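Trainee: This is a predicted model, with the sequence first.
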Amino acid sequence: MKRFQFGLAAVLLAIMWPCAWANADSISDISGGAFVPITDGTDHSCIDVSKNLISMNLVSAQVQREQSLWQKLLYKHQSLGVKFDVVITDAKQQPFDFPRVKKLSPMGQFKDIALLPMQFSIMSKYALFGSNKTPYNNVELDLYFVQVDTKSAAIKALDNLINFSKKLNLPPNPYVVGVGYFGDFANMIWQQDLHNGESVSPDATFNFDLAANDIQAAAGKCPDRGLSTGVQSVVWDYDGKGSGEFIKVNDLNKYCFWYDRATSRVVFDGKGSGATNCSVEQTATAKPLENPLVTFVVDAWPMAGTPQPAPSQVASRIQPMLTSNKFSATDVAYFAKHSFVGNESAIANIHPHVVTDFLDILSKEQSDPHNLEALRAQMTSEDAATALAIRRCVVVGIDVKDCK
């Protein structure tokens, strides 16, 4: 299988790429692939990593089955393993990495594209700066698919790594000493078990430049391929012989994209003549996108003691959108307790009923502007960030209790 490589400089590039994706029309074209903002009823704003903790959740992937590796993995086996290496580069161009692993099963196969549900957390409320408070430059994700076979050295490595991760949790922040030991030992487990000649090269790579301050995070000033909030996909060109709903990467700007929870698929429709904005609601004529892709969600969480926009301003970024909010204030309280373990101040600043009522009003056809304004006025920064994160999780079908 060919490797899709998103090559980025580890320094902040001078090429400017608008990071405010409210109009969902900023597509970053990179080496045969592109980052595509998925309309989720929130803004896709560039993240200042000096003031925010970062969460990233993988949602799903589509892979091209006719390539030889996918034939081996998906035609003969009902499941496979996935390993993500998270590689973080500091200001001195020194990288360190740690893995995330999971077993999964193809959810569906349409023509020669297979759908892989991949809902798991890559990082949860991570501080992307070093112990001296210097922000890191770059985050890279290296993706490996592993054939699930009891005789395979790679699956032995996957099992050992999963068991190791269960016994020793990854430290909560990447700059503490423990994460280096975790990554080194986890990678040693992986490499020791790969003794039968399996490829150790990633099957796909994509990465993000990081905005180090509020100036770099401003609209129009974000680093090229800057890390931004929201639901988004990395989309590659389809290079097979089959026919289907494929879009050339160079034409992505002509379309709007949504995530269909019922099918776990990215869907698309044309913008129409002269249109620049995309509707928040999925159109009736939207069709499933069949290109190879990976879909993920990125959230930013305000760090205590740093200047932040007013909570009401942050909350105003969430647009009315018809969603099925199958969660309660009790679920939001569970989210707060388990999402902010050890941070009692943050937990105390999340008001489950305010968050639930706010999102409930926004999910209805007729939103009450007076109630919305009153709820915004009651919100803390943690309330607003929680509402944004839960809205995005609801859009892609992640249960609130699993939303990180």
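Mentor: That came through, no problem. Numbers count the residues shown, from 1 in each chain.

Trainee: Using the three-state scheme, assign residue 250.
Mentor: Recorded secondary structure, residue 250: helix (DSSP: H, G, I helix; E, B strand; the rest coil).

Trainee: check contacts around the closest residue to residue 59 other than its chain neighbours.
Mentor: Computed as C-beta to C-beta, 6 or more residues apart in numbering, the closest residue to residue 59 that is not its neighbour in sequence is residue 295, at 4.3 Å. For every residue, glycine as well, the C-beta is placed using N, CA and C. If you count contacts by C-beta atoms under 8 Å, 6 or more residues apart in numbering, residue 295 has them with 38, 58-61, 231-233, 259, 266, 396.

Trainee: so residue 336 is in which element?
Mentor: Here residue 336 sits within helix 329-339, counting by DSSP states H and E.

Trainee: average pLDDT for that helix?
Mentor: For helix 329-339, mean pLDDT rounds to 90.

Trainee: Identify all contacting residues around it.
Mentor: Contacting residues not belonging to helix 329-339 are listed as 124-125, 346-347, 350, 352-353, 355-356, 386, 390, 400-401, 403-404 [C-beta under 8 Å, 6+ apart].

Trainee: Over to stretch 259-278?
Mentor: 23-25, 36, 38-40, 59-60, 107, 115, 117, 231, 233, 245, 247, 254-258, 282-283, 285-289, 293, 295, 324, 395-397.

Trainee: rerun that using 6 Å as the cut-off
Mentor: 23-25, 38-39, 60, 117, 231, 233, 255-258, 283, 285-286, 288-289, 395-397 (C-beta atoms under 6 Å, 6 or more residues apart in numbering).

Trainee: and those residues, which are buried?
Mentor: Among the contacts of stretch 259-278, those classed as buried by 16 or more other C-beta atoms under 10 Å are 23-25, 38-39, 60, 117, 231, 233, 255-258, 286, 288-289, 395-397.

Trainee: Keep only those of these that are in strands.
Mentor: Among the buried ones among the contacts of stretch 259-278, DSSP state E puts 60, 117, 231, 233, 255-258, 288 in strands.

Trainee: Adding distance to residue 270 and pLDDT, write the residues you listed out as TSV.
Mentor: Below are these laid out as TSV (distance: C-beta to C-beta, whole Å; pLDDT from 0 to 100):
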residue	distance to residue 270	pLDDT
60	23	87
117	28	74
231	20	96
233	18	93
255	6	94
256	8	95
257	11	97
258	13	96
288	15	93
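
Trainee: Confirm that residue 376 sits in a strand.
Mentor: No: according to three-state DSSP, residue 376 belongs to no strand; its state is helix.

Trainee: nearest spatial neighbour of it, skipping sequence neighbours?
Mentor: Nearest non-adjacent residue to residue 376, counting by C-beta to C-beta, 6+ apart: residue 312, 4.1 Å away.

Trainee: Repeat that for residue 285.
Mentor: Ranked by C-beta to C-beta, 6+ apart and with sequence neighbours excluded, the top spatial neighbour of residue 285 is residue 269, at 5.6 Å.

Trainee: Can you report how many residues lie near the one you found?
Mentor: A count of nearby residues for residue 269, using other C-beta atoms under 10 Å, gives 17.

Trainee: Can you tell me the SS state at it?
Mentor: Judged by three-state DSSP, the three-state class of residue 269 is strand.

Trainee: Quick check: beta-bridge partners of it?
Mentor: Beta-bridge partners for residue 269, by DSSP bridges, are residue 256.

Trainee: per-residue pLDDT, it?
Mentor: So residue 269 comes in at 95 (pLDDT).

Trainee: quick revisit: in the helix holding residue 336, what's buried?
Mentor: 331-333, 335-336, 339.

Trainee: Redo those as a markdown table? Include distance to residue 140.
Mentor: Rendered in a markdown table, the data for those read as follows (distance: C-beta to C-beta, whole Å):
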| residue | distance to residue 140 |
| --- | --- |
| 331 | 33 |
| 332 | 33 |
| 333 | 35 |
| 335 | 29 |
| 336 | 31 |
| 339 | 25 |
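
Trainee: Just give me the closest of the residues you listed to residue 89.
Mentor: Checking those against residue 89 by C-beta to C-beta gives residue 339 as the nearest, at 26.9 Å.

Trainee: Could you check how far the closest one is from residue 278?
Mentor: The spacing between residue 339 and residue 278, counted by C-beta to C-beta, to the nearest Å, is 30 Å.

Trainee: Just give the number of residues close to the residue lying closest to residue 215 once chain neighbours are set aside.
Mentor: Distances taken as C-beta to C-beta, 6+ apart put residue 221 closest to residue 215, at 6.2 Å, once the chain neighbours are dropped. A count of neighbours around residue 221, defined by other C-beta under 10 Å, yields 17.

Trainee: can you check residue 219 too?
Mentor: Residue 219, neighbours per other C-beta under 10 Å, totals 13.

Trainee: which SSE is it in?
Mentor: Here residue 219 is assigned to no helix or strand, by DSSP H and E.

Trainee: how close does it sit to residue 46?
Mentor: Note on residue 219: its distance to residue 46, by C-beta to C-beta, is 7 Å.

Trainee: related to what we said a few turns ago, of the ones in strands among the buried ones among the contacts of stretch 259-278, which is the nearest to residue 96?
Mentor: Minimum distance to residue 96 across these is 26.9 Å, recorded for residue 233 (C-beta to C-beta).

Trainee: ok now do that closest one, which residues does it touch?
Mentor: 36, 266, 293, 295.

Trainee: next helix or strand past the helix or strand encompassing the last one?
Mentor: Here residue 295 sits within strand 293-302, counting by DSSP H and E. On the C-terminal side of strand 293-302, the closest following helix or strand by DSSP H and E is helix 311-315.

Trainee: list the helices and strands that following helix packs on?
Mentor: Secondary-structure packing of helix 311-315 (3 or more C-beta pairs under 6 Å, 6 or more residues apart in numbering; DSSP states H and E): helix 381-396.

Trainee: avg pLDDT for the helix it packs on?
Mentor: Averaging pLDDT along helix 381-396 gives 94.

Trainee: go on, stretch 144-152?
Mentor: In this model, stretch 144-152 carries a mean pLDDT of 60.

Trainee: So that it lines up with my notes, have the first residue be 21 from now on.
Mentor: Sounds good: first residue 21 from here, last item stretch 164-172.
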